[in-house]
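mind looking at a prediction? Sequence and model below.
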Amino acid sequence: MRILGLDYGSKRIGVALCDELGLTGQGLTTIMWKNRIQVLDALEILVKDYGVEKIVIGYPLRLDGTEGIQCEKVNRFARLLEVRLSIPVIKWDETLSSQTAEDILIQSQMRRKKRKQVIDKLAASIILQGYLDSLHPARHHY
């Protein structure tokens, strides 16, 4: 089953895709926001091109586990995706995924300008990988 992972943002949406076995998530692309229709069209193309059966979208819970303002934006977007694409959209706790992505890129000594180009799809792959790992708890990535 192919699963798409999304790191939802108001300017950019990071996109990741799992392999056909559902074991690993890899960064795929970043969609720049122009308008809702353009974003939905771009995601629909990816879903069709890759045979995606499910979407996992990062859910920005606060560190104390409560929902913030951004959660309502993600909820609305997730509902739009489900209606438009007719596939399930799973909300997955994305706490610190963007910070983890930033840390990984800094440790790799990537320059700031280049980091900005890849951070969203890396965050999406971290979100997706967390979900995939939860499906196979005995398997660990090191």
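That came through, no problem.

and the helices in the chain?
With DSSP state H as the criterion, the chain has helices at 36-50, 69-85, 97-107, 112-135.

redo those as CSV? Include distance to Met1, mean pLDDT and mean neighbour count.
C-beta coordinates here come from the backbone N, C-alpha and C atoms, glycine included. Below are these laid out as CSV (distance: least, Cβ to Cβ, whole Å; pLDDT from 0 to 100; neighbours: other Cβ atoms under 10 Å):
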stretch, distance to Met1, mean pLDDT, mean neighbour count
helix 36-50, 11, 97, 14
helix 69-85, 15, 95, 15
helix 97-107, 22, 65, 16
helix 112-135, 10, 82, 20
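
closest to Thr30 out of those?
helix 112-135 (4.7 Å; Cβ to Cβ).

need the helices of the chain in JSON lines with distance to Leu61, can you?
Listed next are these as JSON lines, based on distance: least, Cβ to Cβ, whole Å:
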{"stretch": "helix 36-50", "distance to Leu61": "23"}
{"stretch": "helix 69-85", "distance to Leu61": "7"}
{"stretch": "helix 97-107", "distance to Leu61": "11"}
{"stretch": "helix 112-135", "distance to Leu61": "12"}
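
compare those helices and give me the one nearest Ile57.
For Ile57, the closest of the helices of the chain is helix 69-85, at 5.5 Å, according to Cβ to Cβ.

got the angle for that closest one vs helix 36-50?
Between helix 69-85 and helix 36-50, the angle comes out at 60 degrees (axes from the mean of the first three to the mean of the last three Cα atoms, to 10 degrees).

when you give positions from now on, start the count at 634
Okay, using 634 as the starting number, the last item reads as helix 702-718.

against which helices or strands is helix 702-718 packed?
Packing partners of helix 702-718 (3 or more Cβ pairs under 8 Å, 6 or more residues apart in numbering; DSSP states H and E): helix 669-683, strand 685-692, strand 722-726.
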